[in-house]
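# quick check, what structure comes out for this input:
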Amino acid sequence: MFHSGCVYIPSEVLHSKNASAGVSSPIKKLVVCHKSRKSFDRSTRRASRSTQQIWASYVDAENVSAVLDVYLLSESNTNSSSMQDRLAKEFESTAACVPIEMPNNMVNVIKFHANSREDGLNVMFVDLDSLSTKDNAASVSDIQTLMDCIGTLVKEKRTLMHVKSDAISHAIASMLSDDKKDKSQYVNGEELKTFLRGQEQAIIKSHLTGDLIRRLNKKNVAKNCPLTNHPARFIQCSLDTDESKEICRFYNYDEERGCLRSIKAQRNSNLKGCDMDHEHCHRCGCEGHKAFECTSDVIVDTTHSLMFQKAENGKITATSLDGDDFKSSKPRDVPVPSLLVLGGRCRGRTLNSCEFLPLSPSAGGWTALPNLQEHRGSHAACSPKGTGVVFVMGGGGVDGNLDTVELLDLQTSHTQSLSDGKEFKWSIMSDRLSSARHAFGAVCVTNENTHTSFAVGGWMYGTKSCESMEKLSFKASQSCSELDLQRSARWEKCSPILTPRRLHSVAASVDGSSIFVFGGYIDERKVTSSIESYDVKADCWSATDELPYPEKSCPLVQAVPDWSPDAENSFLIFPYSDSNANETCKPTVLRYTPNSPEKFVPVVVPNVDDTGIVHLEMPIKNWHSFSATVSPSLRTAYVVGGLIDSKWTGRGFLLDLTTMKWQELPEMSLPRRRLTALVIE
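Model prediction:
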């Protein structure tokens, strides 16, 4: 299917007023690529008439035949009954299953014989995304193999194929540059294969070099990408607020094309434009010109992230955001236990900075840890108890979701002072998550002398939430050094969660037998209140309960295992709240006990004066996007970072699980939200 006799067009052009009059060369295969599920489903409506119209418009208006055979292909367990029923009704034909050999897939192929003639047009509906590896973008070789297998069904017959494929749709959109759109709106199969191959090689190369730049096309390789060559910089919105906007680097440095996202949104109101700043120069911060036009010699440093601020007299000043003093401070040995905060987002920036707070009574304030290799926000992290190893995985990076996993071996700091010259840094593991994603959760469980880290759910691209769950295991008795983990530890797939979700909370039970997921978004707008539990030994999920909040106003929550003295394998639930909720009081902290008759109860503060029942509330109202964690040995929980009254915060609180009283922590060196926090023990 990737040859010169096959042509690919995006589905958007079918309804365009400027649609191409036809393909210049004779072809036998025309492929319509759909980005959205809705568009793909809609293509089965009045399929016979639309097939003839499309073929006449793009291939041969004088030799349009009736539809001969119709094929519907999808993963065997995919629900395509509505499409099947629609096609069966239109062609008045009984669906017949057709055998087809596909690599490593169970494929459902349904054929409708629409016409008894020997010659005619075949039409195919192929959900290529569902035929690819679950939760993972298919490689070019995978796509080519799948398309070649599908092509055997129709061989050399004239065929119109409707394909749902993110990879092919994105490739075609990149190839159809502005100057080409004025002439044609199709891509030759051979050109598409070459482009996909080049894109795959660029990504492989970027993984090897650590330059994970995903917005590449055939003209700009990573070394010329503005995101690679220029650090993120910001402009303060006004003198009265800390709000800022990132200055668009494509707009400032891509002289030929500018910011394509903004340009496309101006042409199509249905597309989301670029929400970055297009008024200020990325180099000097002034208005009225772009960086490649800038002649100012005020800013000569091109290597650091800056915050530009405009004073009342109009003068532009710049403040470094890289935190050189903070980064250059050499951390002491990391004592056990310590609270770690890793990455996150701050005023439009994605961070790679990390810091720790010793939890001993005589400890000082926050101290720097080595920076992560990659900037990460909405990522996940965990640390198996007693190993001194921290895993940080996935998240949203500088230019897209990440599938990489970093680890930090803190045992080095336990046995040898950093001042002795021992290198102390994060390293990227050779094995990756099955798919790039962010807004997911991670948790560690130790059972039968085995440490297991689980990554659960998340947000891939577009509107797709991820149902994937995978684990990384190693023996508690073996060495947990970085080298040993790089050699032996590998991610394995587990049973997927029942309801794909993101921005949910993940927590393991106190006894380590189960993992629970709480709430989260199932699409762009809908929050689910469902709680699911995973049996670690049986590798099985089950729907457990619903969060006790109204369906239309269920908040996101953070949940941690309850290590208070009177707890019975229960969890503490800390709800998010924000100023849009018009709340007049602080949200109540709940205790959730799965096997109890009364599953959800407000946490009661022990009252030594016996003056009445007092329920535990969050220490601050209008607090959102924080991270929560717990220390079993200290019997304390920690809530840090996030947004308070819609403003980034570095504040955090300790909750004593014996007295159920809050105590404010020292403020972090950097305010951050969508961070991860954990206790190393």
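
# ok, now how distant is the residue nearest to N447 when sequence neighbours are not counted from K193?
On the basis of C-beta to C-beta, 6 or more residues apart in numbering, the spatially nearest residue to N447 that is not a chain neighbour turns out to be G512, at 5.3 Å. Placement of C-beta: from N, CA and C, glycine included. Look at G512 and K193: by C-beta to C-beta, to the nearest Å, they are 49 Å apart.

# and the helix or strand A455 falls within, how far from the chain's centre?
Here A455, judged by DSSP states H and E, is contained in strand 450-456. The gap between where strand 450-456 is centred and where its chain is centred comes out at 19 Å by C-alpha atoms, centre = their mean, to the nearest Å.

# if you count contacts, what does that strand end up packed against?
Counting contacts by 3 or more C-beta pairs under 8 Å, 6 or more residues apart in numbering; DSSP states H and E, strand 450-456 packs against strand 441-447, strand 469-475, strand 514-518.

# got the CA positions of it in CSV?
C-alpha atoms of strand 450-456 as CSV (Å, rounded to 0.1, in the frame of the first residue of the first chain):
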residue,chain,number,x,y,z
THR,A,450,10.1,-8.8,45.3
HIS,A,451,9.9,-5.1,44.7
THR,A,452,7.4,-4.1,42.0
SER,A,453,6.8,-0.6,40.6
PHE,A,454,3.5,-0.1,38.7
ALA,A,455,2.6,2.6,36.2
VAL,A,456,-1.2,3.0,35.8
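
# and it, which strands flank it?
For strand 450-456, the paired strands and their directions (DSSP bridges) read strand 441-447 (antiparallel), strand 469-475 (antiparallel).

# residues touching the last one, excluding its own?
Contacts made with strand 469-475 from outside it, assessed by C-beta atoms under 8 Å, 6 or more residues apart in numbering, are listed as 391, 405, 431, 433-434, 449-457, 480, 484-485, 488-497, 534.

# I'd like to know which of those are buried.
391, 405, 433-434, 451-457, 480, 485, 489, 491, 494, 496-497, 534 (16 or more other C-beta atoms under 10 Å).

# so how far is M429 from A265?
Using C-beta to C-beta, one gets 38 Å for the distance from A265 to M429.

# actually D148, not the one I typed
Using C-beta to C-beta, one obtains 34 Å as the distance from D148 to M429.

# which of those two has more neighbours?
Neighbour count, other C-beta atoms under 10 Å: between D148 and M429, M429 has more, with 19 against 11.

# would you map the strands across the stretch 201-350 of the chain?
Ranges of strands within the stretch 201-350 of the chain are 233-236, 244-246, 306-310, 316-320, 338-346, 349-358, based on DSSP state E, counting those that start in this stretch.

# strands paired with the longest one, and their directions?
Based on DSSP bridges, the strands next to strand 349-358 in the sheet, each with its direction, are strand 338-346 (antiparallel), strand 367-369 (antiparallel).

# one more: the second one?
Partner strands and pairing direction for strand 244-246 (DSSP bridges) are strand 233-236 (antiparallel).

# outside of the partner strand, which residues touch it?
Contacts with strand 233-236, where a contact means C-beta under 8 Å, 6+ apart, come from 242-247, 277, 279-280, 282, 285, 305-310, 321, 347-349.

# next one: stretch 522-539
So stretch 522-539 is contacted by 445, 447, 452, 463, 465, 469, 494-495, 497-501, 512-521, 540-547, 549, 551, 554-556, 592, 594 (C-beta under 8 Å, 6+ apart).

# rerun at 6 Å
445, 463, 465, 494-495, 497-499, 501, 513-519, 521, 541-547, 554 (C-beta atoms under 6 Å, 6 or more residues apart in numbering).

# hey, C-alpha coordinates of that stretch in PDB?
In PDB, the C-alpha atoms belonging to stretch 522-539 read as follows (Å, rounded to 0.1, in the frame of the first residue of the first chain):
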ATOM      1  CA  ILE A 522     -12.100   9.900  31.300                       C
ATOM      2  CA  ASP A 523     -12.200  12.500  28.500                       C
ATOM      3  CA  GLU A 524     -11.500  16.200  28.100                       C
ATOM      4  CA  ARG A 525     -14.500  17.300  30.200                       C
ATOM      5  CA  LYS A 526     -15.900  14.400  32.200                       C
ATOM      6  CA  VAL A 527     -14.600  13.400  35.600                       C
ATOM      7  CA  THR A 528     -15.400   9.900  36.800                       C
ATOM      8  CA  SER A 529     -16.000   9.100  40.500                       C
ATOM      9  CA  SER A 530     -15.300   5.400  40.100                       C
ATOM     10  CA  ILE A 531     -12.800   3.500  42.200                       C
ATOM     11  CA  GLU A 532     -11.200   0.300  40.900                       C
ATOM     12  CA  SER A 533      -9.000  -2.200  42.700                       C
ATOM     13  CA  TYR A 534      -6.300  -4.400  41.400                       C
ATOM     14  CA  ASP A 535      -5.400  -7.800  42.900                       C
ATOM     15  CA  VAL A 536      -1.600  -7.900  42.700                       C
ATOM     16  CA  LYS A 537      -1.400 -11.700  42.800                       C
ATOM     17  CA  ALA A 538      -4.300 -12.500  40.500                       C
ATOM     18  CA  ASP A 539      -3.500  -9.600  38.000                       C
END
